[in-house]
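Colleague: Quick one: sequence plus predicted model below, questions after.
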Amino acid sequence: MEAGDGNPAKKALGLPTRAGAGFAGPPPLFARAPAARAAPYAFSRAGVNSPAPGPGKPDCRPGMDNNKHTIPVGTALTRRDCRTSSQDMQNRQLSLTTVLVCGGLLVTLSMGIRHGFGLFNLPITQAHGWNRETFAFALALQNLMWGASQPFAGALADKFGALRIMLVGVALYVAGLVVMALATSGTAFATGAGVMIGIAQSGTTYSIVYGVIGRVASPEKRVWAMGIAAAAGSFGQFLMIPVEQGLISGLGWQNALYVMALMACVMLPLALTLREPREAAHTGGHHQTIGQAVHEAFGNRNFQLLTLGYFVCGFQVVFIGVHLAPYLKDQGLTDPKVAVVALALIGLFNVFGTYTAGALGQRLPKRYLLSAIYVTRSVVIASYLLLPLTVASTWVFAAVMGFLWLSTVPLTNGIIAQVFGVKYLSMLSGVVFFSHQIGSFLGAWLGGFLYDRTGGYNTVWLIAIALGVVAALVNLPIREQALVRAQPAAA
């Protein structure tokens, strides 16, 4: 078989285009290759998935390269062309390690800083003479802006790579914290805490990092890897709560925000390490436009049910995160350490909860795990309200809720990747997350709104319990099978 200089297969593989070169077999060094690591796919230099060679088979024979691509017989292969599949898998695992470490640290800072905003509720409202609804509205707006901008940030990241979106997110995060410190009106405060940091979150948290993970991790490790990233964000929530309370106590709330802005700058070098190779950033295994992907998802019953359930997740966790500290003070637990420890316990146990959810999601149906999480939340909230309120009961409540806190995140995103693939994972995760943030908006704002009008939080607690039962029911019918798409006709 002859190959001309214009052979596209050879050009894509970086092989010589001169025809007629003889193939004398692999050099002795490559006569015995180490066993390939257990993984069903390896990345070729062309940036597409192909079956990995079997153990001890480097495939340096005429007609195939090491990734099973057909090449012309008679082409001289170099030692680089005869790389073993185990070496390819090592490169891939190193890439996944980089994403998990640096992406996890980025999410740690991004999620950790915002998790402590509830500690600023009383100091800021008392300093400016605002009511609680003003502060609650700003954080509610933050969640809404985060959700509204997430699908667009995800679509841009899926198309152009995640790095640019992350850099914009870091810049907005730092600026938003500074505006929070300088604001003297509710409108200015809502602009910084609500609009700027809300949009910043869409470029520095789960959906963007999950898009990178989905393109790097193999299918059998994907949900586990997402659980690792979610656990990193949870650890940030645990870590930053005592740090932020210490800054408020030692420096005052305004200087604390300035220090947090400097801490947010650390996200910049972390984002720079997550630059994706050009050929890896847009692979998806099917030819589909963004519009087609959105239309397909919105018409899919599984996607609709996931979206509805995620709304409840946002309502519950943000209501508790924003209003737990003032609720405890109203109930007579005035020592700020009670709320600080409670929020820190939520973050700490969330680390174990999200990792456990990711690990279990590899073995058990994710829809059943989601249903169990939602109904357990309702049981825990109801028990907390019915039992006598003490420091001990509050900390037990925080620990159990922490275990359930964001364990929905790797499971929900794992179902999206499993059903729709990873090509537009960041965008589709962002669409579902928008529903989560609508719930977050209502959880934060409704808590303050009803408190100012009823003098308590009991009504919102009851709403959170009822919604948990609804979410448990709507997740049960979800099917986790991958969609079968018609392949384009061969030219």
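Modeller: Alright, I've got the coordinates. Keep in mind that this is a model prediction, so the values were computed, not measured.
Colleague: any low-confidence regions in this protein?
Modeller: The model of the chain has pLDDT under 70 over residues 1-94, 276-286, 485-491.
Colleague: so where do the helices sit in the stretch 251-400 of the chain?
Modeller: 253-264, 267-272, 290-298, 301-330, 336-361, 366-386, 391-404 (DSSP state H, counting those that start in this stretch).
Colleague: Reformat these into CSV and put mean neighbour count and distance to residue 426 next to each item.
Modeller: Just so you know, the C-beta spots here come from the backbone N, C-alpha and C atoms, and that holds for glycine as well. CSV is the format used below for the helices of the stretch 251-400 of the chain (neighbours: other CB atoms under 10 Å; distance: least, CB to CB, whole Å):
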stretch, mean neighbour count, distance to residue 426
helix 253-264, 19, 21
helix 267-272, 19, 14
helix 290-298, 15, 11
helix 301-330, 23, 15
helix 336-361, 22, 18
helix 366-386, 19, 19
helix 391-404, 20, 25
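Colleague: Out of these, flag the one nearest residue 101.
Modeller: In terms of CB to CB, the element of the helices of the stretch 251-400 of the chain nearest to residue 101 is helix 267-272, at 9.1 Å.
Colleague: Contacts for that closest one, please.
Modeller: Residues outside helix 267-272 that contact it (CB atoms under 8 Å, 6 or more residues apart in numbering) are 102-103, 105-106, 109-110, 163, 166-167, 169-170, 173, 204.
Colleague: follow-up on the earlier one: in CSV: the helices of the stretch 251-400 of the chain, plus distance to residue 213.
Modeller: Output for the helices of the stretch 251-400 of the chain, formatted as CSV (distance: least, CB to CB, whole Å):
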stretch, distance to residue 213
helix 253-264, 22
helix 267-272, 15
helix 290-298, 18
helix 301-330, 18
helix 336-361, 11
helix 366-386, 16
helix 391-404, 22
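Colleague: With respect to residue 210, which of these lies nearest?
Modeller: Going by CB to CB, the one of those nearest residue 210 is helix 336-361, 11.3 Å.
Colleague: still on that earlier bit, which among the contacts of helix 267-272 gets closest to residue 229?
Modeller: residue 103 (5.9 Å).
Colleague: out of the helices of the stretch 251-400 of the chain, which comes closest to residue 227?
Modeller: helix 336-361 (1.6 Å).
Colleague: and that closest one, what other elements does it pack with?
Modeller: In terms of contacts (3 or more CB pairs under 8 Å, 6 or more residues apart in numbering; DSSP states H and E), helix 336-361 is packed against helix 104-115, helix 222-251, helix 301-330, helix 366-386, helix 391-404, helix 408-420.
Colleague: Next, the angle from it to helix 408-420.
Modeller: Orientation of helix 336-361 against helix 408-420 (axes from the mean of the first three to the mean of the last three CA atoms, to 10 degrees) gives an angle of 30 degrees.
Colleague: coming back round to it: quick one: closest of the helices of the stretch 251-400 of the chain to residue 448.
Modeller: Taking the helices of the stretch 251-400 of the chain one by one with CB to CB, helix 301-330 is closest: 7.4 Å.
Colleague: tell me which strands and helices the closest one is in contact with?
Modeller: Partner elements for helix 301-330 (3+ CB pairs under 8 Å, 6+ apart): helix 121-128, helix 132-160, helix 336-361, helix 366-386, helix 391-404, helix 408-420, helix 425-454, helix 458-475.
Colleague: can I get the ones you listed in JSON lines with distance to residue 306?
Modeller: Below are the helices and strands packed on helix 301-330 laid out as JSON lines (distance: least, CB to CB, whole Å):
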{"stretch": "helix 121-128", "distance to residue 306": "31"}
{"stretch": "helix 132-160", "distance to residue 306": "14"}
{"stretch": "helix 336-361", "distance to residue 306": "14"}
{"stretch": "helix 366-386", "distance to residue 306": "8"}
{"stretch": "helix 391-404", "distance to residue 306": "17"}
{"stretch": "helix 408-420", "distance to residue 306": "6"}
{"stretch": "helix 425-454", "distance to residue 306": "6"}
{"stretch": "helix 458-475", "distance to residue 306": "8"}
